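1. got a predicted structure plus its sequence, pasted below:
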Amino acid sequence: MSEIPPLHGLRFAVGTLTVLPVTVSRWDRGAARGGMLCAPLVGLVVGVCAAGSGLLLLLLGAGPLLAAVASVAVPAVLTRGLHLDGLADTADGLGSGKPAEDALRIMKQSDIGPFGVITLVLVLAAQVAALAQLYDTSWARGALAAVLAAAAARLALTLAARGGVPAARPDGLGAAVAGVVPVRGALGVALAVTAAAALCGALLGPYDVARAALAVAVSAVVAELLLRHCVRRFGGVTGDVFGGLAEAAATTALVVSALG
């Protein structure tokens, strides 16, 4: 594999995963590999923006619920809602119970079915409820959870893009990034994100070290279970599946952060 300058990978990640204005000069699989390895860094940026919006509202006198809504809305805005759209489409495809070809066709349609609507409502409600509880307990814990959720969501993308995971279609974002990340590289990024989460948790207290690391670890496990189910049902991953994995991981990280 040829070496790709880190800047190309970072540009690929930012340009693919956010609406932030960057110039993506390379779209080959080498750049995609670098981009997927950099995905948690993009999550860090998104998470800081999400936490910042919540903290700003708290500073201005808003309650924890409104702060939580803002922290959930910011990532949706920064991604054009693509991950939420992917979650809804994946839910419709899985919920249809149809063979892979028919399920993929359902997922590609522009409308959202009942499974997608129900899933979106429940996931967004869980995210807002978890963050509201955390902000009510401690502004610092709420902010940390918002950052961890965004990083965990993009870590799920890195792990899903590892070697051995096939694409369900020959085209689209799923095909562009499927299998581009070496397994060792994906595991290394997972360990680095988990360790960074634990270090950030240490700023709040000894219990928060374990809780932050556990939030990342459990979110990765949940995303992996969903990934394997989607590969069995669809024959591989698609851009929608990547979006669904990100939202599943983010929600899990927030719920785990709110426990205890």
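-> Nice, I can see it.

2. Ser53 contacts Ser71, doesn't it?
-> Yes - if you go by CB atoms under 8 Å, Ser53 and Ser71 touch, sitting 6.0 Å apart. Using the backbone N, CA and C atoms, a C-beta is placed for each residue, glycine as well.

3. so where is the protein shaky, pLDDT-wise?
-> 1-6 (pLDDT under 70).

4. give me the residue at the spatial middle of it.
-> Ala153 (2.1 Å; CA atoms, centre = their mean).

5. got a list of what that residue touches?
-> 43, 75, 83, 219, 246-247, 249-250, 253 (CB atoms under 8 Å, 6 or more residues apart in numbering).

6. which helix or strand lies directly C-terminal to the helix or strand containing it?
-> Per DSSP states H and E, Ala153 falls inside helix 139-160. Going down the chain from helix 139-160, the next helix or strand is helix 172-177, by DSSP H and E.

7. which helices and strands sit right next to that following helix?
-> Here helix 172-177 touches helix 29-59, helix 239-258, going by 3 or more CB pairs under 8 Å, 6 or more residues apart in numbering; DSSP states H and E.

8. what packs against the helix or strand following it?
-> On the C-terminal side of helix 172-177, the closest following helix or strand by DSSP H and E is helix 183-202. If you count contacts as 3+ CB pairs under 8 Å, 6+ apart, helix 183-202 packs onto helix 29-59, helix 139-160, helix 206-234.

9. neighbour count: Ser53 and Ser71, which is higher?
-> The residue with more neighbours, out of Ser53 and Ser71, is Ser71; 32 against 20, by other CB atoms under 10 Å.
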